[in-house]
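Student: Below is the sequence, then the predicted model.
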Amino acid sequence: MEMTGLLVVAAIVFASVAGLETKLSRTDRRIARVEKKLDLIIGHLGIHEDDSELAEVAAFLWDGKKIQAIKAYRAATGAGLKEAKEAVERMGSMA
């Protein structure tokens with residue numbers, strides 16, 4: 001009886017975590033789409049970001065130091081690790 005209860009609780013927790021991961025994944029995709037649209041709008045309007053903060057990131061990328069570039073990006077923007085990694089990879093592909 002006790003083992004059955006534990007299995008039921010484990011199944012409920014597993015289902016909850018799986019549902020949460022799905023929602024987070026969906027939210028991440030939506031945020032990425034919104035950011036892409038904002039980038040297009042900003043580019044269309046001719047608005048440029050202050051690149052002085054990202055100059056260090058670009059310098060690290062130029063030297064092939066991707067990890068340092070990600071750290072510098074996070075320090076300059078306050079972004080999370082995943083977001084910073086994706087942004088640095090985008091910057092690297094533009095170069």
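Tutor: All right, it came through fine.

Student: sec struct for residue 68, please.
Tutor: The three-state label given to residue 68 by DSSP: H, G, I helix; E, B strand; the rest coil is helix.

Student: How about residue 79?
Tutor: Secondary structure state of residue 79, per three-state DSSP, is coil.

Student: who touches it in this structure?
Tutor: The contact partners of residue 79, taken as Cβ atoms under 8 Å, 6 or more residues apart in numbering, are 73, 87. For every residue, glycine as well, the C-beta is placed using N, CA and C.

Student: quick one, phi/psi of it?
Tutor: Dihedral pair for residue 79: phi -70, psi 160, per degrees, to the nearest 10.

Student: And for residue 64?
Tutor: Backbone phi and psi, for residue 64 under degrees, to the nearest 10, turn out to be phi 80, psi 20.

Student: Next, work out how far apart it and residue 28 are.
Tutor: Shown here: residue 64 relative to residue 28, a distance of 28 Å by Cβ to Cβ, to the nearest Å.

Student: More neighbours: the two, which one.
Tutor: Here residue 64 and residue 28 are set side by side on neighbour count (other Cβ atoms under 10 Å), and the busier one is residue 28, at 13 against 9.

Student: per-residue confidence averaged over the strand or helix carrying residue 6?
Tutor: Secondary structure assignment for residue 6, by DSSP states H and E: helix 2-45. When the per-residue pLDDT values of helix 2-45 are averaged, the result is 85.

Student: Against which helices or strands is the helix or strand following it packed?
Tutor: Using DSSP H and E, the helix or strand that directly follows helix 2-45 along the chain is helix 55-62. Using 3 or more Cβ pairs under 8 Å, 6 or more residues apart in numbering; DSSP states H and E as the contact criterion, the secondary-structure elements in contact with helix 55-62 are helix 66-77, helix 81-94.

Student: Which positions in the first one come out as buried?
Tutor: Right, the one you point to is helix 66-77. Of the residues in helix 66-77, 68, 69, 70, 71, 72, 73, 74, 76 count as buried by neighbour count, 16 or more other Cβ atoms under 10 Å.
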